[in-house]
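K.L.:
below is the sequence, then the predicted model.
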There are 2 protein chains.
Amino acid sequence: MPRSKPPTMSDVAKLAGVSPMTVSRALRPNASASESTRKKIREAADQLGYVLDSTAAGLSSRKTGFVAVTIPSINNANFANTIRGLNEGLQDSGLQVLLGFTDYNIKEEERLVEAFLRRRPEAIVVTGGVHTERCRRYLAASGVPVIEIWDLPSSPIEHSVGFSNVKAGRAMANYLVDKGYKNIGFIGGNTKQDARGSDRCEGFAEVLEERGLSTERLRISEEPVRNMAQGAAAMDYLIDKHPDTQAVMCASDLSAFGAMMSCQRRGLKVPEDIAIAGFGGYDISANAIPQITTLEAGDYQIGTETAKVILSQLADDNDETEERAPQRIKIATQLLERESTSPK
Amino acid sequence: MPRSKPPTMSDVAKLAGVSPMTVSRALRPNASASESTRKKIREAADQLGYVLDSTAAGLSSRKTGFVAVTIPSINNANFANTIRGLNEGLQDSGLQVLLGFTDYNIKEEERLVEAFLRRRPEAIVVTGGVHTERCRRYLAASGVPVIEIWDLPSSPIEHSVGFSNVKAGRAMANYLVDKGYKNIGFIGGNTKQDARGSDRCEGFAEVLEERGLSTERLRISEEPVRNMAQGAAAMDYLIDKHPDTQAVMCASDLSAFGAMMSCQRRGLKVPEDIAIAGFGGYDISANAIPQITTLEAGDYQIGTETAKVILSQLADDNDETEERAPQRIKIATQLLERESTSPK
DNA sequence: TTGAAAGCGATACCAT
DNA sequence: ATGGTATCGCTTTCAA
């Protein structure tokens, strides 16, 4: 089958006996064209199998309809939910999400952002507030709204939608200390790689210090600790080193579950022998036995709120209004107390 | 901050004292330009903060650099892995994945495909072999390579990369029957929504019949059964109705885990009282206690193989070779026997 | 409501 | 190695 050149507007125009310009208008909902020519043109288009070329349309109208988005990983339910929320929030706007994955690497993020900039997106969304110097310059000079999500950076590039990861870590630490635990640990990964995760760890450690508890059980391994197996391994290490550990917060619910399985294998009961908490409000935290205490981050809502920011910034009826001011949308987090930290 | 128009190639050319054409060449790796002018131009570009407009480049060169991909959901580790594999396979090609989510709805897929076609992708990847009539027409007339993944349709549109979901269901059924189980159930969701899931169920049922076993324990609910909670609910229903059930295959490892938790809550031991198997090779299947028997689908590999098909089809040195023939790449699945179906 | 002309920002192609 | 010119397929703008 030879791959032939697709038909153009001119082809449709010729067949319908009108000018290309009329075709252009007839194919758009809001343009003026009589119903009769519209019908004629639609038929001609159908007959030819014509599909609008939005590449050309974008070049001419200076609107690509793209929203560029970078997230650390696609294998992560939290970010997946954010993308779902964003997609749904943009549903009726005609905006297309251009999704890229940084693999928790800001150098890779820089590459992605540069590649995305070439596509002339109408807005750019990046995860987190830590970027390479060059990447910050790209974003600042992009000429379109920039939204940082999943954090509320102290020096945002422009808009931000998220929550304070430091405070999130503090909240969980305070909760565990309030429960009466003394020997408290934290399981997390390389701080350089995952700025948000390390912020949570930092907040967690702050509270332990403030409340006069030891911080020697902060188990930060070189490798990331995101999945179940990594959580299990980290827990093994932690308990071997500090058998008197009474409670642990894990970087995510997945590693918390892995840690919990590790305890079960050792004959340690959760929460009676050791309490475990996670982060992220993953499905597993609600379905595991025992259910895992977690901090829900409002992942889906981050997406929907980001969509709102984008749409309000792009609305053309606000060129001079205060809507153009940098937005800072705080998403509520929620500590869900579950069985894994509540001995009966 | 006023959002001003970004600089163009002409701007760079003017500043560097050359023609736009020279800029175009200097900015590409393979074009001929002297090192001295290259340097001059790069400096001018940097100074202006120039970023190539690939929209315009695409219009002119008739290459957008897009590969359009539709998957049912972003909240699914299997599809996520496929996208990871695809991305990595396309890494060095300069091709950008344009990702869309159908929500397991072929009408939504049709809308997405039409929207994507407007972007003039250089290849299109769709999940599954079931599409609306109109969507099939779109794809067939797209003029670019079309790859259906996660299945091997009997009437493929063009290329396909996947495995037989019917055979996958058969494999698990045969395994369970071989283990000596008689009262075997299946937990899955609405067949209309998820064609691949229902294929697996169909294969599963075929084997039960062929081997003289009852198929009355095929629990197919109206709603999808994909997550843990749904799996738990379905298991409760199944056991209430058929307390003599000895083994169950679930539509996914997530529902298998939910089902297992449901058993645990009832005091049923897995696998001693009831055996449970899943599908998909999710992390949870290897980390749960007991570990869950599953059928690994080669999700990541589906992505990498799809990338290979795309690249070979797009290679311009094969206009007339047999490489243009429809490819049908079979991905190996693997039944991983684990504790959840192996009483000691 | 419709049409003609002039780009949008780049590359292909042909010269030099 | 570099430049000039003609598109690429559409929309904007201005007229009719």
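P.N.:
Sure, I can see it. Because the structure is predicted, anything quoted here is derived from the model rather than measured.
K.L.:
what sits against residue A:142?
P.N.:
If you count contacts by CB atoms under 8 Å, 6 or more residues apart in numbering or on different chains, residue A:142 has them with A:117, A:124. In this view, the C-beta of every residue, glycine as well, is placed from N, C-alpha and C.
K.L.:
what pLDDT, on average, does stretch A:324-332 get?
P.N.:
For stretch A:324-332, mean pLDDT is 95.
K.L.:
and the end-to-end length of that stretch?
P.N.:
23 Å (CA to CA, to the nearest Å).
K.L.:
tell me if that stretch is near chain B.
P.N.:
No - if you take CB under 8 Å from any CB of the partner chain as the test, stretch A:324-332 misses chain B, and the best it gets is 8.7 Å.
K.L.:
what sits up against that stretch?
P.N.:
The contact list for stretch A:324-332 (CB under 8 Å, 6+ apart) reads A:152, A:156, A:158-163, A:297-298, A:301-302, A:305-306, A:309, A:312-313, A:318.
K.L.:
likewise for stretch A:258-274?
P.N.:
Residues outside stretch A:258-274 that contact it (CB under 8 Å, 6+ apart) are A:187, A:227-236, A:239, A:245-248, A:250, A:276, A:288, A:290, A:292, A:339-343, B:287-289.
K.L.:
excluding chain neighbours, what is closest to residue A:288?
P.N.:
Spatial nearest neighbour of residue A:288, excluding adjacent residues (CB to CB, 6 or more residues apart in numbering or on different chains): residue A:257 at 5.6 Å.
K.L.:
correct me, but that neighbour touches residue A:228?
P.N.:
Yes - Residue A:257 lies in contact with residue A:228 (CB atoms under 8 Å); the separation is 5.5 Å.
K.L.:
neighbour-wise, which of these two wins?
P.N.:
Under the criterion of other CB atoms under 10 Å in any protein chain shown, the comparison of residue A:257 against residue A:228 puts residue A:257 first, with 28 against 25.
K.L.:
what count of nearby residues applies to residue A:332?
P.N.:
When neighbours are counted by other CB under 10 Å, residue A:332 comes out with 9.
K.L.:
gap between the most centrally placed residue in chain A and chain B?
P.N.:
The centroid of chain A falls nearest to residue A:79 when counting by CA atoms, centre = their mean (3.9 Å). For residue A:79, the distance to chain B equals 9 Å [CB to the nearest CB, to the nearest Å].
K.L.:
give me the helix or strand of chain A that scores worst on average pLDDT.
P.N.:
None of the helices or strands of chain A scores lower by mean pLDDT, DSSP states H and E than strand A:218-220, at a mean of 78.
K.L.:
so what does it touch, helix or strand wise?
P.N.:
If you count contacts as 3 or more CB pairs under 8 Å, 6 or more residues apart in numbering or on different chains; DSSP states H and E, strand A:218-220 packs onto strand A:184-188, helix A:195-210, helix A:228-241.
K.L.:
out of these, which is the most enclosed?
P.N.:
When the helices and strands packed on strand A:218-220 are scored by mean count of other CB atoms under 10 Å in any protein chain shown, the highest mean neighbour count falls to strand A:184-188 (a mean of 28).
K.L.:
does stretch A:10-21 reach DNA strand C?
P.N.:
Yes - for stretch A:10-21, a contact with DNA strand C is found by CB under 7 Å from any atom of the strand, at A:18-19, A:21.
K.L.:
now, of those, which are buried?
P.N.:
Neighbour counting with 16 or more other CB atoms under 10 Å in any protein chain shown marks residue A:18 as buried within those.
K.L.:
how is chain A divided into domains?
P.N.:
According to automatic domain parsing, chain A comprises the domains A:1-47, A:64-163+A:300-332, A:165-296.
K.L.:
okay, these in JSON lines with distance to DNA strand D next?
P.N.:
Shown next, in JSON lines, are those (distance: least, CB to the nearest atom of the strand, whole Å):
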{"stretch": "domain A:1-47", "distance to DNA strand D": "3"}
{"stretch": "domain A:64-163+A:300-332", "distance to DNA strand D": "11"}
{"stretch": "domain A:165-296", "distance to DNA strand D": "39"}
